[in-house]
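1. Sequence first, then the predicted structure:
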Amino acid sequence: MLNLHPLMILVVGMLTVIMMIALLRMNAFIALITSAVVVSMLAPGDLAEKISRVAAAFGSTAGSIGIVIALAVVIGKCMMDSGAADRIVRGFLSLLGEKRSSTALMASGFVLSIPVFFDTVFYLLVPLARSMHRRTKKHYLKYAMAITSGGVLTHCLVPPTPGPLVMADNLGIDIGAMIMIGALVAFPAAFVGMFFSGWVDRRLNIQMRPLSGEMTEPEPLADHQLPGLLVSLLPIALPVLLVSTNTIVHTMAKGAADGSGLSRAAEITAVLGDVNLAMLISAAIAMLMLKSKRALTNAQLGKVVEASLMSGGMIILITAAGGAFGAMLKTAQIGPAIENLFKGSGTQPTEGLLLLGMGAFIASMIKIAQGSSTVAMITVSAMIAAMVPSKEALGYHPAYLATAIGGGSLIGSWMNDSGFWVFVKMTGLTEAEGLKSWTPLLAIVGFAAVVVSFILAVILPMS
């Protein structure tokens, strides 16, 4: 067996992922699991264990994130079918008014993309953007881009969407902390994107056009057909509240005496704030809301859930394969090899902000090569995790490292990104117009997220 330097193994692993996805057009699961096997075969260890340890790492990752992803898919589907997502959007429009409709659409995309995938959120909100344009006779592109600026950020920075969830798992980040810090970074970046959207709208001045092909605009439901606003928000707000409360209480309870009030509270929140239980409760609420609002039988509800779980299966496979890839990179001793490069130079990659920039840059390169932000986040977080000896050595909370990687994974979106085509086809834009609007918008919000991550890591390290 070849005895390669760990950095050569890293290069081989990266090239295997990129070439299989970008050149051979392989499914991301096949590419990632193949890369994990390749890295494992090149890494030190007994030959008899080199394949079995890939399977063990795959199972470990699936066990930590599989339930959450499956339940998130169910919640998203139920919210869409019950009209809860539509109700949230109308609530924002009612609160902010027509003059701030772009802010309302941005906020809707921001909130809905936490449990629902961006493509689905965009399908939901584009008809509202078109309806808003019919009333105002202006700002069509701004409305569409505002939805995007809110939606892509929480999709890439805030669990339980797969990318942020797997980054948290790879980097050893508490889910509650990842939710709070991810939202903290995403919020200012979304407003940067909204202001940029206004500038592009004035510059391009694109008018709304009829949608081509088979695409038809769904008729909006009447208000009485939608669930109430509070119950619509519950499937999103409840898990965020439970998990975040657990994080806060456990932070406060550190050092508290056994049997104290804080200690007992931490035991309770550890159960209720476990992300798996929180998401299960949220899924039950979303399912009950769909069943009652659409008068479904148990069998009909079961079919809805089954369909959503089937679509979530591939996501779980890809994320677990990414976890196996990262575990094999750690086995290859890449972290110590990176540290040795910096010995005697006066700069340690794990002391300061070098890893933030490195993670964002590599994520952007992988995004440009293969188009998927989720794959870029999974791959790079696994790679960077292999370079970090401990969370304490960073000098800042590792969630900032995750948000920098997530921001970098937005930079460089073009025609190999499925989101690009969703944006272009659902807005009636040409490919050239998409490259002038979608591509720079994602680069701007991604770069803003990286910059905010840098700033917060310096002024609010929370290490």
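-> Received, thanks.
2. Can you tell me which residue is spatially central in the protein?
-> Closest to where the C-alpha atoms of the chain average out (C-alpha atoms, centre = their mean) is residue 156, at 3.0 Å.
3. Isn't that residue up against residue 402?
-> No: at 9.8 Å, residue 156 does not count as touching residue 402 under the criterion of C-beta atoms under 8 Å. Where C-beta positions appear, they are placed from N, C-alpha and C, glycine not excepted.
4. Can you find the helix or strand of the chain with the lowest average pLDDT?
-> helix 334-342 (a mean of 63; mean pLDDT, DSSP states H and E).
5. Mutual contacts of residue 156 and residue 402, please.
-> The contact sets of residue 156 and residue 402 overlap at residue 164 (C-beta atoms under 8 Å, 6 or more residues apart in numbering).
6. Report the secondary structure state of residue 462.
-> coil (DSSP: H, G, I helix; E, B strand; the rest coil).
7. Name the nearest residue to it, ignoring sequence neighbours.
-> residue 397 (4.2 Å; C-beta to C-beta, 6 or more residues apart in numbering).
8. Phi and psi next, for the one you found.
-> With angles defined as degrees, to the nearest 10, residue 397 sits at phi -70, psi 130.
9. Look at it and say how many residues are nearby.
-> Residues near residue 397, counting by other C-beta atoms under 10 Å, number 22.
10. doesn't residue 177 make contact with it?
-> Yes: using C-beta under 8 Å, residue 397 is in contact with residue 177, at 6.8 Å.
11. residue contacts, the residue lying closest to residue 157 once chain neighbours are set aside?
-> Once flanking residues are discounted, residue 157 sits nearest to residue 182: 3.8 Å by C-beta to C-beta, 6+ apart. Shown in contact with residue 182 (C-beta under 8 Å, 6+ apart): 154, 157-159, 164, 399, 402-403, 406.
12. what do you get if the cut-off is 7 Å, keeping everything else the same?
-> Contacts for residue 182 (C-beta atoms under 7 Å, 6 or more residues apart in numbering) come out as 157-158, 164, 399, 403.
13. List just the nearest of the residues you listed to residue 441.
-> Comparing the contacts of residue 182 against residue 441 with C-beta to C-beta places residue 157 closest, at 15.8 Å.
14. The closest one touches residue 406, doesn't it?
-> Yes: the pair residue 157 / residue 406 is scored as a contact, 4.6 Å apart, by C-beta atoms under 7 Å.
15. Now the common contact residues for these two.
-> In contact with both residue 157 and residue 406: 164, 449, using C-beta under 7 Å, 6+ apart.
16. circling back to that earlier point, which one of the contacts of residue 182 sits closest to residue 189?
-> Nearest to residue 189 among these is residue 157, at 8.3 Å by C-beta to C-beta.
17. okay, now that closest one: neighbour count?
-> Residue 157: 36 neighbours (other C-beta under 10 Å).
18. Next, it: phi, psi?
-> phi -120, psi -20.
19. quick one: it from residue 196, how far?
-> 18 Å (C-beta to C-beta, to the nearest Å).
20. now the strand or helix carrying residue 104, how far from the chain's geometric center?
-> Assigned by DSSP states H and E, residue 104 falls within helix 101-112. Averaged C-alpha coordinates place helix 101-112 at 17 Å from its chain's average position (C-alpha atoms, centre = their mean, to the nearest Å).
21. avg pLDDT for that helix?
-> Mean pLDDT, helix 101-112: 88.
22. shouldn't residue 10 be in contact with residue 331?
-> No: using C-beta under 7 Å, residue 10 makes no contact with residue 331, being 11.9 Å away.
23. Number of residues surrounding residue 390?
-> Residues contacting residue 390 under the criterion other C-beta under 10 Å number 9.
24. likewise residue 239?
-> 32.
25. before we move on, which element is it in?
-> Judged by DSSP H and E, residue 239 forms part of helix 229-253.
26. can you check residue 185 too?
-> helix 175-204.
27. what angle separates that helix from helix 101-112?
-> With axes from the mean of the first three to the mean of the last three C-alpha atoms, to 10 degrees as the basis, helix 175-204 and helix 101-112 are set at 150 degrees to each other.
28. Next, the buried residues of the helix holding residue 239.
-> For helix 229-253, a neighbour-count test (16 or more other C-beta atoms under 10 Å) marks 229, 231-236, 238-240, 242-247, 249-250, 253 as buried.
29. burial count for residue 195?
-> Neighbour tally, residue 195, other C-beta under 10 Å: 12.
30. should've said residue 4
-> Neighbours around residue 4, by other C-beta under 10 Å: 14.
31. Looking at the nearest residue to it once chain neighbours are set aside now. What's its pLDDT?
-> Distances taken as C-beta to C-beta, 6+ apart put residue 42 closest to residue 4, at 5.4 Å, once the chain neighbours are dropped. Listed pLDDT for residue 42 reads 92.
32. what's residue 6 in contact with, if anything?
-> So residue 6 contacts 332-334, 337 (C-beta under 7 Å, 6+ apart).
33. And residue 172, by the same measure?
-> 391, 398.
34. now residue 77
-> By C-beta under 7 Å, 6+ apart, the contact list for residue 77 reads 304, 308.
35. Assign a three-state SS to residue 116, would you?
-> From three-state DSSP, the assignment for residue 116 is coil.
36. what about it, distance to residue 422?
-> 14 Å.
37. doesn't residue 69 make contact with residue 276?
-> No: Residue 276 lies out of contact with residue 69 (C-beta under 7 Å); the separation is 10.8 Å.
38. between those two, who's got more neighbours?
-> Per other C-beta under 10 Å, whichever of residue 276 and residue 69 has more neighbours is residue 69, with 24 against 15.
39. what about residue 314, neighbour count?
-> 12.
40. Now it. Nearest residue, chain neighbours left out?
-> residue 29 (7.0 Å).
41. Now do the buried residues in whichever strand or helix holds that neighbour.
-> Using DSSP H and E, residue 29 maps to helix 28-42. Burial within helix 28-42, assessed by neighbour count using 16+ other C-beta under 10 Å, is assigned to 28-29, 31-42.
42. How far off centre is that helix?
-> For helix 28-42, the distance to the chain centre is 23 Å (C-alpha atoms, centre = their mean).
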